[in-house]
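In: just coords:
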């Protein structure tokens, strides 16, 4: 069964699995958004970080396990995507179904020259992405502190010898994010007392028994303006705030 949100549509019914498998359902939902088999043929936009911005991002993720940029993407590019995500959510369908439309893939394609200097010329998008539309009245509480990686992974597949990433989570705010609405928080590598134990594949229970503690002052909030980029290593401890906004993670 394809999951849908918990409220019926304007006609008083839920979208069904048959609806969600029907291209006409999606075309009627967002008539201005195309659905084709070759979405990149009509892709526009080519966003790049300057050499200085790229080096700063690489230095930051090597030393601290994450990076953050100023806005890179134009409002003309990200605002239609944010509206489309809101419309999908309004139809009581999970926002990640924005992936049905060409718009998402064209958006990501426009960032290819931003990601290549960070991840390598032949980087690939893994089949692990999501989109959120969180309203001010939403009762969800964000994510608890966690690492994206698991103990069975080989660090050499994630981080190169110089500390630059082979694998990286990218988080793109499509609305402005502050410490009052859906902010991401991280525990930078130098302040993480459990990182080396984790890389030695010690279990979370064993690490906890050793009484490692973290100071509140070592935690870092990452407010971000719409159209900026955040990225982090799968090994960094991070968590999310509740509140409102549209975001994409991949």
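Out: Here it is on my side, so go on. Bear in mind the structure is a predicted one, so any value in this text is a computation, not a measurement.
In: going forward, measure contacts between C-alpha atoms and count neighbours the same way
Out: OK.
In: Quick check: bridge partners of residue 237?
Out: residue 187 (DSSP bridges).
In: where does it land on pLDDT?
Out: Confidence at residue 237, expressed as pLDDT, is 91.
In: Tell me who's in contact with it.
Out: 145, 146, 147, 186, 187, 188, 192 (Cα atoms under 8 Å, 6 or more residues apart in numbering).
In: which one of these sits closest to residue 58?
Out: Closest approach between the contacts of residue 237 and residue 58, by Cα to Cα: residue 188, at 14.3 Å.
In: Just give the closest residue to that closest one, not the sequence neighbours.
Out: Leaving out its chain neighbours, the residue that sits closest to residue 188 by Cα to Cα, 6 or more residues apart in numbering is residue 64, at 4.8 Å.
In: same question, residue 146
Out: Using Cα to Cα, 6+ apart, the nearest residue to residue 146 is residue 237, at 5.2 Å.
In: From residue 154, how far out is that neighbour?
Out: 18 Å (Cα to Cα, to the nearest Å).
In: before we move on, what about residue 52?
Out: Taking Cα to Cα, one finds residue 52 at 31 Å from residue 154.
In: Show me the strands in this protein, by range?
Out: For the chain, applying DSSP state E gives strands covering 66-68, 130-134, 169-173, 184-187, 220-222, 230-232, 237-240, 245-249.
In: follow-up on the earlier one: drop anything exposed from the contacts of residue 237.
Out: Buried subset of the contacts of residue 237 (neighbour count, 16 or more other Cα atoms under 10 Å): 147, 186, 187, 188, 192.
In: ends of stretch 228-241, how far apart?
Out: 18 Å.
In: from the chain's centre, how far out does it sit?
Out: Here stretch 228-241 is found 8 Å from its chain centre; the criterion is Cα atoms, centre = their mean, to the nearest Å.
In: how many other residues sit next to residue 155?
Out: Residues lying near residue 155 (other Cα atoms under 10 Å) number 16.
In: can you check residue 56 too?
Out: With other Cα under 10 Å as criterion, residue 56 counts 15.
In: Check residue 197 too.
Out: 13.
In: Please report how far it lies from residue 235.
Out: 11 Å.
In: likewise residue 54?
Out: Distance of residue 54 to residue 235, computed by Cα to Cα: 21 Å.
In: In the protein, where is pLDDT below threshold?
Out: Within the chain, the ranges that satisfy pLDDT under 70 run 1-13, 136-142, 151-153, 203-214, 242-250.
In: Now do the helices in it.
Out: Secondary structure of the chain (DSSP state H): helices at 17-20, 23-29, 51-64, 75-90, 102-109, 112-119, 195-199, 204-209.
In: among those, which is nearest residue 163?
Out: With Cα to Cα as the criterion, residue 163 lies closest to helix 51-64 of those, at 4.6 Å.
In: That closest one versus helix 112-119: what angle between them?
Out: Computed by axes from the mean of the first three to the mean of the last three Cα atoms, to 10 degrees, the angle separating helix 51-64 from helix 112-119 equals 40 degrees.
In: Quick one: list the elements packing against helix 51-64.
Out: Counting contacts by 3 or more Cα pairs under 8 Å, 6 or more residues apart in numbering; DSSP states H and E, helix 51-64 is packed against strand 66-68, helix 112-119.
In: The same query, at a cut-off of 10 Å, please.
Out: The contact analysis (3 or more Cα pairs under 10 Å, 6 or more residues apart in numbering; DSSP states H and E) places helix 51-64 against strand 66-68, helix 112-119, strand 230-232.
In: Put together TSV for these, with mean neighbour count on each row.
Out: Below are the helices and strands packed on helix 51-64 laid out as TSV (neighbours: other Cα atoms under 10 Å):
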stretch	mean neighbour count
strand 66-68	23
helix 112-119	17
strand 230-232	23
